[in-house]
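**Student:** Kindly generate the corresponding structure for this input.
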Amino acid sequence: MTNLNFKSMFFALAVSGAVFTSCSDKKETVVAADTPEATVADDSAAKQDTIKITLNANDKMQYDQTELNVQEGQTVVLTLNHTGTMPVEAMGHNFTLLKQGTDLTKFEEEAAKNKENGYIPTDTSSIIAHTDLIGGGQSTTITFPAPEKGSYDFLCSFPGHYSVMKGKFNVN
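**Tutor:** I've put the predicted structure just below:
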């Protein structure tokens, strides 16, 4: 096979892969509240300044990770997979990253009042970023800039889940 034919085949495979992926039922959402956009000087810096995180949640109200580590200013691409089978109405999950100092109990009380908004409070001033609420077998992805250095709480805001579905989002 000539080098040109190989390049043509590689290009065709890459294009068909892109078309195939764009037809999936995964959601892509960009949600960031009150956080500055990260700036990137060039392509090599962009690769270093982006971190991809996959977080899995199941029907037992568990995340597979309770500690996530990123660098200040990095672009975070977080994918939440619901690995269970229960529907969103019975066992919905999301990822909600909160600002430092947020009272988790008070936040959850407000979230529980907002079923029509995916259990995200109408006052989002304490939220840095959040995913959509998803059910078994679904995935959702968000992109947001990491906040300033510190330790932040993340949780699932579905009623009753935050007591066990929570963790620390550490920014170095």
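**Student:** Buried residues, stretch 149-156. List them.
**Tutor:** 152-156 (16 or more other C-beta atoms under 10 Å). Every residue, glycine included, has its C-beta placed from N, CA and C.
**Student:** and what of stretch 162-172?
**Tutor:** Here stretch 162-172 shows 162, 165-167, 169, 171 as buried, counting by 16+ other C-beta under 10 Å.
**Student:** closest to Lys113 among those?
**Tutor:** Lys113 has its nearest neighbour among the buried residues of stretch 162-172 in Tyr162, at 14.0 Å by C-beta to C-beta.
**Student:** Now do the same contact list for that closest one.
**Tutor:** 104, 107-108, 111, 155-156 (C-beta atoms under 8 Å, 6 or more residues apart in numbering).
**Student:** can we see that at 7 Å?
**Tutor:** By C-beta atoms under 7 Å, 6 or more residues apart in numbering, the contact set of Tyr162 is 104, 108, 155-156.
**Student:** Sitting in helices, which of those residues do you find?
**Tutor:** 104, 108 (DSSP state H).
**Student:** one step back: pick out the most distant pair among the buried residues of stretch 149-156.
**Tutor:** Taking C-beta to C-beta, no two of the buried residues of stretch 149-156 sit farther apart than Tyr152 and Cys156, at 14.9 Å.
**Student:** how far away is the spatially most central residue of the chain from Ile53?
**Tutor:** Nearest to the mean C-alpha position of the chain, counting by C-alpha atoms, centre = their mean, stands Leu78 at 3.5 Å. From Leu78 across to Ile53, the span is 5 Å (C-beta to C-beta, to the nearest Å).
**Student:** and if you look at Asp103?
**Tutor:** For Asp103, the distance to Ile53 - C-beta to C-beta - is 25 Å.
**Student:** how far does stretch 118-128 stretch from start to finish?
**Tutor:** End-to-end distance for stretch 118-128: 16 Å, by C-alpha to C-alpha, to the nearest Å.
**Student:** Show residues contacting it.
**Tutor:** Outside stretch 118-128, the residues touching it (C-beta under 7 Å, 6+ apart) are 32-33, 35, 94, 96-99, 102, 107, 110-112, 114, 130, 132-133, 144, 147, 152, 157-159.
**Student:** thinking again about what came up before, ok, Asp103 and Ile53, which is more surrounded?
**Tutor:** Between Asp103 and Ile53, counting by other C-beta atoms under 10 Å, Ile53 is the more crowded of the two (16 against 10).
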